[in-house]
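S.K.: Give me coordinates for this.
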Amino acid sequence: MFHRFVPVLFVLLLAFPAADGKAQQESPYRVVGFYTYYSLYDDYLVTDIPASQLTHLVYAYINISDNGQCGFTDRWADIEYSYPGDKPGERVRGNFKQLQLLKEKHPQLQILMSVGGWEQSTRFSDVALTRESRIRFGNSCIAFMRQYGFDGIDIDWRYPVSGGQVDGRPEDTDNLPLLMAELRGQLEYWSQRDTRPYLLTMTVPAIKLLYSHFPLLQLVEYTDWFNVMTYGFQGEWSEIASHHAPLFKNSRDPRGREVQTEYNVDGAVNGYLTAGVPAEKIVVGLPFYAQTWRNVLPNDRFGLYSPAGGVPDGTRPGGILYFRDLAPLLANPAYVRFFDDETKTPWLYDEIERVAISYEDPESLAFKIAYVQEKGLGGVMIWELSQDDDNNTLMNAITAAVGS
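M.R.: From the prediction side, this is the model:
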């Protein structure tokens with residue numbers, strides 16, 4: 001069943017007042033926020049991060065060099081950019097300095113560095129291949145982590161065997177646990193030397209076709225938790241317009257049982273649980289971005305599950321809009337908001353322009369966090385912090401819901 005709502009953002013905000021972060025700090029759940037090096041170029045700085053509302057912050061991304069070692073992806077953004085108050089002679093400026101200042105102000109916050117991502121995963125297959133390459137990679141990543149004051153490492157390999165920018169090797173599936181075991185062993189050594197814990201996490205896909213190459217039952221032994229990318233189930237490649245991050249299935253989805261069962265948060269979580277991953281090690285991803293389509297014909301489901309003709313002009317690459325980009329659309333009477341009671345997600349549709357938008361809002365976030373709590377999962381992960389609006393609408397909604 002669908003409900004039609006007046007497309008006014010303030011109606012949603014009344015039910016989710018801004019929170020100061022105190023309730024979140026008392027919660028047993030992880031609230032993991034991703035911040036990318038390139039957010040700086042979009043005028044969202046480390047100093048803009050709502051650190052009091054996070055338990056963990058993940059800085060993305062650290063690169064892998066040609067010789068299989070961790071290093072800078074963007075040295076200028078990482079350590080050379082001058083924030084207000086920085087001095088030209090300082091060896092470390094940029095985002096890395098600000099991350100440490102952020103931690104000084106918020107001692108409860110743990111900051112990890114994420115190695116890989118879509119653009120930086122092409123060398124993972126090589127570094128995982130041999131014992132020597134795994135040792136060299138681990139040594140370099142941990143040295144980098146300790147030098148710049150991170151509290152741990154997140155591995156974001158997209159993807160072992162196939163599915164990424166380049167295909168890997170069939171033996172990636174066997175080599176991945178060996179790589180994580182090497183990292184865990186080295187981290188444990190340095191934890192004892194430095195008399196402090198270091199975290200090791202993984203950012204992993206939500207689609208079975210991709211995570212089937214991750215031997216989860218082995219990986220869970222070495223990993224503190226998994227950041228599951230439970231979003232982007234649909235995108236510019238989709239032939240029909242539909243929710244890109246649904247919590248549950250919709251029984252009217254015409255694509256059949258596999259999509260209905262697997263291509264949603266609940267399907268992904270159940271897949272990980274079935275594979276033997278403990279509930280407390282599953283962290284559910286929450287997108288702060290929207291997916292758009294054009295030439296979406298009207299139907300009795302407000303364009304949902306109607307054939308799509310690509311993505312509109314004026315969006316970010318791939319038809320993406322950040323939540324902060326949606327403000328004028330949410331205030332535009334031509335765009336009407338609907339809420340899908342089955343998937344527990346909102347839908348925005350302009351029947352005249354035939355543009356459909358799948359996105360996240362405070363109401364859908366509240367349902368997802370209630371789900372995390374009911375299932376005893378390990379928390380939520382945000383992709384990504386810079387995409388929220390200037391009022392931190394989505395972040396405040398998460399804090400309020402987690403605190404409840």
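
S.K.: so where's this structure shaky on pLDDT?
M.R.: Within the chain, the stretches with pLDDT under 70 are 1-28, 404.

S.K.: ok, now with 50
M.R.: For the chain, applying pLDDT under 50 flags the ranges 1-27.

S.K.: In it, which helix is the longest?
M.R.: As assigned by DSSP state H, the longest helix anywhere in the chain is helix 172-194.

S.K.: Could you tell me which residues within it count as buried?
M.R.: Going by neighbour count (16 or more other Cβ atoms under 10 Å), the buried part of helix 172-194 is 172-173, 175-184, 186-187. For the C-beta atoms, the positions are set from N, CA and C on the backbone; glycine is no exception.

S.K.: ok, of the residues you listed, which one's closest to residue 75?
M.R.: residue 183 (23.4 Å; Cβ to Cβ).

S.K.: wait, that closest one sits on residue 153?
M.R.: Yes: shown here, residue 183 and residue 153 form a contact pair, counting by Cβ atoms under 8 Å, at 6.5 Å.

S.K.: joint contacts of those two?
M.R.: Counting by Cβ atoms under 8 Å, 6 or more residues apart in numbering, the shared contacts of residue 183 and residue 153 are 141-142, 200.

S.K.: Among those residues, which one has the most neighbours?
M.R.: The residue in the shared contacts of residue 183 and residue 153 with the most neighbours, by other Cβ atoms under 10 Å, is residue 141 (24 neighbours).

S.K.: so how far is residue 163 from the closest residue to that residue other than its chain neighbours?
M.R.: Distances taken as Cβ to Cβ, 6 or more residues apart in numbering put residue 70 closest to residue 141, at 4.0 Å, once the chain neighbours are dropped. The spacing between residue 70 and residue 163, counted by Cβ to Cβ, to the nearest Å, is 23 Å.

S.K.: Just checking: what are the partner strands of the helix or strand following the longest helix of the chain?
M.R.: Per DSSP states H and E, the first helix or strand lying C-terminal to helix 172-194 is strand 199-205. Looking at strand 199-205 with DSSP bridges, its partner strands are strand 152-156 (parallel), strand 225-229 (parallel).

S.K.: Those: which one's closest to residue 334?
M.R.: strand 225-229 (31.9 Å).

S.K.: Which one's more surrounded, residue 70 and residue 163?
M.R.: Set side by side, residue 70 and residue 163 give different neighbour counts by other Cβ under 10 Å, the larger being at residue 70 (21 against 15).

S.K.: and the more buried one, what are its phi and psi?
M.R.: phi -70, psi 140 (degrees, to the nearest 10).

S.K.: Convert the C-alpha atoms of the longest helix of the chain to CSV, please.
M.R.: Written as CSV, here are the backbone C-alpha positions of helix 172-194 (Å, rounded to 0.1, in the frame of the first residue of the first chain):
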residue,chain,number,x,y,z
ASP,A,172,41.1,-14.4,-4.6
THR,A,173,38.4,-16.1,-2.5
ASP,A,174,41.1,-18.3,-0.8
ASN,A,175,43.6,-15.4,-0.6
LEU,A,176,41.3,-12.9,1.0
PRO,A,177,41.1,-14.6,4.4
LEU,A,178,44.9,-15.0,4.4
LEU,A,179,45.2,-11.3,3.8
MET,A,180,42.9,-10.5,6.6
ALA,A,181,44.7,-13.0,8.9
GLU,A,182,48.0,-11.3,8.2
LEU,A,183,46.5,-7.8,8.9
ARG,A,184,44.9,-9.1,12.2
GLY,A,185,48.2,-10.7,13.3
GLN,A,186,50.2,-7.6,12.7
LEU,A,187,47.6,-5.4,14.3
GLU,A,188,47.6,-7.6,17.4
TYR,A,189,51.4,-7.3,17.6
TRP,A,190,51.3,-3.5,17.5
SER,A,191,48.3,-3.4,19.9
GLN,A,192,50.6,-5.0,22.5
ARG,A,193,53.5,-2.8,21.6
ASP,A,194,51.4,0.4,21.7
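
S.K.: All good on my end, thank you.
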